[in-house]
Every structure is written in C-alpha cells, then in structure tokens.
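Enquirer: Here is a sequence with its predicted model. Questions after.
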Amino acid sequence: MNDLQKASMWKRISAFLFDGIMLGIVAVLFAWCLSHALGFDRYSRALDEAYERYGRQFGVNFQLSLAEYDALSPQELETLNTAYNAFCADEEAEAAYHMMIRLTLLIVLLGIQAAFVLMEFLIPLKLGNGQTLGKKIFGIALMRQDFVRINGRILFVRAMIGKCIVETVIPVMIVMMIWLGALGLAGTLVLLGLLLVQALMLLFTRNRLLIHDALAFTVAVDYASQMIFADREAMIAYHQKVQAEKAARETY
C-alpha cells in the first residue's frame, strides 16, 4: 500500500488564495488588452452619448435603481417608456448596446481562459508536478490518485476543463446572463446545482475531491513527503523491491 501524504488544509487554502489573486490580476490584464484591441471604449462612449441625448430630450434618467423605478408615477413611467422606445428606434444606439453586450461577454470569457492557460496550465507544465506559483510557494504538488506523476493531458483536463470551464466560466457566464436578464430561474437552478455538486464531493468523497480533481483523477499532496512515481512500471518495481527486501529480512 502507498502512503498518501495529503497537503494540509491551511497550505491548500493559502495556495488557493494566492493563485486566485494572481489569476484575477492576469485575467483583468488580458481583459483590458482585449477591450482596447476590440474597441470596447468606442461602443461604450456611443452608448453613453445616446443615453445622455435621449435622457436630456425627454427629461428622464435611464440609470434608475429598482427602488427609484418602483417609485415613479404613472406619468413619469410613461415618459420613461417613450424615451426608451425612442432609444430603441435609434439604430446606431441599439447597435452600440448589443455590441457592448457581446463584447462584454467575449472579453470576460477570453480573459478568464487566457489567465487559466498561463497560470494553471503553462506555468505548472514548466514547473512540473502540476505546481502553480501558489503550490510551489507552499510546497504542494499534484499527482494521479494512483501515485503516478501527472502529464500534460491530465493537467489540461484538470486546469482547462475542470477548473476553467466547469468551475469558473460556466458559473460566471450564468451570473452575467442573469444580470443581463437573458436567464432567469433556469440559470439560477444550474448555478445552484453546480455549487451543490461541489459541496457534496468535498464532503463525501474519500479524498475530499473537487470537480477538477475528480475529472482528472488527481490529488494535491505534500511535495516534501509524498513519493510520486514516474509511471506505473516504476511504482510496481518499487513495491517489488520493498517486498524482496522485506522477505530477505524475515527468518524462516
């Protein structure tokens, strides 16, 4: 039997927080570069100018909170609807609005994915043993659950499919679509379902696994004390050697 030396909870939390902060910074930087490359500010200015123009023309404020909207009188509500209909009839304003929505979703999606490619795939691939910067600092490594060193394919499944798409992109996109009014109860149920699955796996799986570890068949271990084998043949050879040494020490 191999002895599993799991990384302590405080080390895992510390590495998670460090990596999360770094990932967020890199994602924002990528998103900022994408926004300039795709001309996001141009559409944003056009939309602001349209809101200001129609707001001034009809004497309304488009940037109302829900409480302010509910407090409008019937006449004020009718004026606001008239201004909104005039805004929607403006093809340039309407095009700027829809382009803003598309670019926002695209920039957030690509920014997150680019950050994960760099911080959770390329850097761990370079450092070896699946170590991100946080894992390297706090002495954590990844290995397969059968005690064999992970390879690039496993790291890709864990980082890009598990952590990036399932655990990050899908929830973020659902939240943004709910905020934009494109998803309602169905989006909320999917989001709650993902959170419930994560919680159940963390509480009831043998090694307290999250979705990305379950998909990639990996586990986070203490790098200093865990024996990680290069492949299954090396693991088998090691156990044969141990058994042979044990048999040699026994007296008959």
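Expert: On my side now, so go ahead.

Enquirer: now what about whichever strand or helix holds His212, what contacts it?
Expert: Per DSSP states H and E: His212 is located in helix 211-216. The contact list for helix 211-216 (Cβ atoms under 8 Å, 6 or more residues apart in numbering) reads 150, 154-155, 157-159, 161-163, 166-167, 197-198, 201, 205, 207, 218-220. Backbone N, C-alpha and C define where each C-beta goes, glycine included.

Enquirer: repeat that for 7 Å
Expert: Helix 211-216 has contacts (Cβ atoms under 7 Å, 6 or more residues apart in numbering) with Ile154, Val157, Arg158, Ile161, Gly162, Lys163, Val166, Glu167, Val197, Gln198, Met201, Val219.

Enquirer: State the mean pLDDT of it.
Expert: Helix 211-216 shows a mean pLDDT of 90.

Enquirer: chain center to whatever helix or strand comes next after it: distance?
Expert: Using DSSP H and E, the next helix or strand after helix 211-216 towards the C-terminus is strand 218-222. Distance of strand 218-222 from the chain centroid (Cα atoms, centre = their mean, to the nearest Å) equals 20 Å.

Enquirer: Mind giving me the packing neighbours of strand 218-222?
Expert: Using 3 or more Cβ pairs under 7 Å, 6 or more residues apart in numbering; DSSP states H and E as the contact test, the elements touching strand 218-222 are strand 140-144.

Enquirer: how about the helix or strand following the strand it packs on as PDB, C-alpha atoms only?
Expert: Using DSSP H and E, the helix or strand that directly follows strand 140-144 along the chain is helix 152-156. Provided in PDB are the C-alpha atoms of helix 152-156 (Å, rounded to 0.1, in the frame of the first residue of the first chain):
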ATOM      1  CA  GLY A 152       0.200  17.400 -19.900                       C
ATOM      2  CA  ARG A 153      -3.000  15.700 -20.900                       C
ATOM      3  CA  ILE A 154      -4.100  15.200 -17.300                       C
ATOM      4  CA  LEU A 155      -3.100  18.700 -16.400                       C
ATOM      5  CA  PHE A 156      -5.100  20.100 -19.300                       C
END
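
Enquirer: got the contact list for helix 152-156?
Expert: Against helix 152-156 from outside (Cβ under 7 Å, 6+ apart): Phe121, Pro124, Leu125, Gly130, Arg144, Ala216, Thr218.

Enquirer: ok, the residues you listed vs Cys88, which is closest?
Expert: Nearest to Cys88 out of these is Phe121 (Cβ to Cβ; 43.1 Å).
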